[in-house]
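[1] what shape does this take:
(chains A and B)
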Amino acid sequence: GNSVTQMEGPVTLSEEAFLTINCTYTATGYPSLFWYVQYPGEGLQLLLKATKADDKGSNKGFEATYRKETTSFHLEKGSVQVSDSAVYFCALSDQRGYSTLTFGKGTMLLVSP
Amino acid sequence: DAGITQSPRHKVTETGTPVTLRCHQTENHRYMYWYRQDPGHGLRLIHYSYGVKDTDKGEVSDGYSVSRSKTEDFLLTLESATSSQTSVYFCAISEMSNSYNEQFFGPGTRLTVL
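    Model (predicted):
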C-alpha cells in the first residue's frame, strides 16, 4: 500500500534560517504529492502540490520538487519567519478516480526570533 | 476559504455514550472525508463518501459509522464512545474536477471521552 515517511520533529530554527523537511514515499504508479500546513488550533491548508515527476510546487516562499527517482518530495524555504511555525504534513494521492490521501505523521517547525 | 463547518467544535462525553459529529459544506463538492488526528500518527482516514448514500471505510473505521443523506452533510457517529476515540476529528471535501485529489479541511472537532 501507499505510505509517506517524513522527518520527525520538532525542527527548531532561528528566523531567516534555511529550512528543509524531508519526505519520501512509497506508492504504485504515479501519485500526486502535497504539502499541507497546520497552524495552531486550525485545520490543514494546502501549501503546495506537484502532480508529475520533476514538477516543482511553490507557494509563500516554500518549494518542493517531485523526484521520482528518489521517491522524494522535500520541502524547502530559503528564509523562515516566526509566522512559519506550524506542523507540516507530506501527503500523496494516487490517480484513481476518488483516491484518498495518505499522510505522513507531520513535522513541527518552531521558528524563534 | 472553502465553506466547511464542523459541529460541535468541542465535546466532552463519557464512555459508552453515542456521539455524532457533523460536517457541513456549501461548496457542492462530491467527495467528503472524516479523519482523526492523533500525536505520532498524523491524520488517518476513518470513512469517506463519494456521493449521497455512497460511503466506504478508511484505515481506522472500527467503532465508527457514517451517513450522507444530502450532498452538503456528512455525519460521523460513534455508537458507543471509548477513551481510545479521544482525538481531534477533521472533515475534508474535494471535487474531482482536477486530475489530482486536492482536499479542503474543516476547522476540526476536539472530542474527549472520559
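[2] quick one, what contacts the spatially most central residue of chain B?
    Centroid-nearest residue in chain B, with Cα atoms, centre = their mean: residue B:34, separated by 2.6 Å. Under the criterion of Cβ atoms under 8 Å, 6 or more residues apart in numbering or on different chains, the contact list for residue B:34 reads B:21, B:23, B:45-48, B:58, B:64, B:66, B:74, B:76, B:89-91. In this view, the C-beta of every residue, glycine as well, is placed from N, C-alpha and C.
[3] tell me which residues of the strand ranked longest in chain B come out buried.
    Determined from DSSP state E, the single longest strand within chain B is strand B:42-51. Buried residues in strand B:42-51, counted by 16 or more other Cβ atoms under 10 Å in any protein chain shown: B:42-50.
[4] quick check, nearest of the residues you listed to residue A:45?
    The closest of the buried residues of strand B:42-51 to residue A:45 turns out to be residue B:43 (Cβ to Cβ; 13.1 Å).
[5] from what I see, that closest one and residue B:58 are in contact.
    No - counting by Cβ atoms under 8 Å, residue B:43 does not reach residue B:58; the two are 10.3 Å apart.
[6] residues that sit against both of these two, list them.
    By Cβ under 8 Å, 6+ apart, residue B:43 and residue B:58 have these common neighbours: residue B:35.
[7] give me the distance from the helix or strand of chain A with the lowest mean pLDDT to the chain's centre.
    For chain A, using mean pLDDT, DSSP states H and E, the weakest element among its helices and strands is strand A:101-103, scoring a mean of 89. In terms of Cα atoms, centre = their mean, to the nearest Å, the centre of strand A:101-103 is set 11 Å apart from its chain centre.
[8] what strands flank that strand, and is each parallel or antiparallel?
    Partners of strand A:101-103 in the sheet, by DSSP bridges, are strand A:86-93 (antiparallel).
[9] now do the partner strand and strand B:42-51, the angle between them.
    Following axes from the mean of the first three to the mean of the last three Cα atoms, to 10 degrees, one obtains 50 degrees for the angle between strand A:86-93 and strand B:42-51.
[10] counting neighbours, what do you get for residue 71?
    Using chain A here. 16 (other Cβ atoms under 10 Å in any protein chain shown).
[11] please go with chain B instead
    Neighbour number of residue B:71 under other Cβ under 10 Å is 15.
[12] flag every residue of chain A that's near chain B.
    A:32, A:34, A:36, A:42-46, A:49, A:51, A:89, A:93, A:95, A:97-101, A:103-106 (Cβ under 8 Å from any Cβ of the partner chain).
[13] so residue B:9 touches residue B:106, yeah?
    No - when contacts are counted by Cβ under 8 Å, residue B:9 is not listed as touching residue B:106 (9.7 Å).
[14] now the helices for chain B?
    Applying DSSP state H to chain B gives no helices.
[15] my bad, should have said chain A
    Applying DSSP H to chain A gives no helices.
[16] quick one: the strands in it?
    Counting by DSSP E, chain A has strands at residues A:3-6, A:11-14, A:19-21, A:23-26, A:32-38, A:44-50, A:56-59, A:62-65, A:75-77, A:86-93, A:101-103, A:107-112.
[17] likewise chain B?
    Secondary structure of chain B (DSSP E): strands at B:4-7, B:10-13, B:19-25, B:31-38, B:42-51, B:54-57, B:64-70, B:73-78, B:87-94, B:104-105, B:109-113.
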